[in-house]
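Novice: Sequence plus the predicted model coming up.
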Amino acid sequence: MAWTFTTELIEWRGPAPFVFAPMPAVMSAELKEAARGLMYWGQIPVAATIGTTDFDTAIWPKDGRFLVPVKVAVQRAERVDVGDVVTLSLDVRAGRLGR
């Protein structure tokens, strides 16, 4: 099952600043249910697309919705940054990242 949504990119500072695409709360709940059994350490592996750029990542919950990390390579390829509105498509991956 795939999800597509439009969202504003945000910054969340941890040890280093990261750019995220917040998933709407209702879609986040749907995805959490669909990914039951694939979640590890609260993360779900996904394949994502912004514009014409495809990338693999893992999303995790924060404040009742999932955050999709937007890699620097994707930000550069699509010329997007914090505050920009993007349309993002994602699909749950059957395996963990890095395998």
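Specialist: Looks like it came in fine.

Novice: Please name the strands paired to the helix or strand harbouring Ala21 in the sheet, noting orientation.
Specialist: Counting by DSSP states H and E, the element that carries Ala21 is strand 17-22. Partners of strand 17-22 in the sheet, by DSSP bridges, are strand 10-13 (antiparallel), strand 65-69 (antiparallel).

Novice: least reliable of the ones you listed going by mean pLDDT?
Specialist: Here the lowest mean pLDDT among the strands paired with strand 17-22 goes to strand 10-13, at a mean of 84.

Novice: Give the buried residues for that strand.
Specialist: Within strand 10-13, no residue is scored as buried using 16 or more other Cβ atoms under 10 Å. (Each C-beta comes from the backbone N, C-alpha and C, glycine too.)

Novice: How about stretch 38-55?
Specialist: Met39, Gln43, Ile44, Pro45, Val46, Ala48, Thr49, Ile50, Thr53, Phe55.

Novice: Was I right to think the third one contacts Leu67?
Specialist: Pointing back at Ile44 there. No. Assessed by Cβ atoms under 8 Å, Ile44 is found out of contact with Leu67, at 11.1 Å.

Novice: hang on, the earlier thing: rounded mean pLDDT for the strand holding Ala21, please.
Specialist: For strand 17-22, the mean pLDDT works out to 89.

Novice: how distant is the next helix-or-strand element following it from the center of its chain?
Specialist: Sequence order places helix 25-34 as the next helix or strand after strand 17-22, per DSSP H and E. Offset of helix 25-34 from its chain centre (Cα atoms, centre = their mean, to the nearest Å): 13 Å.

Novice: Next: stretch 28-36.
Specialist: 13 Å.
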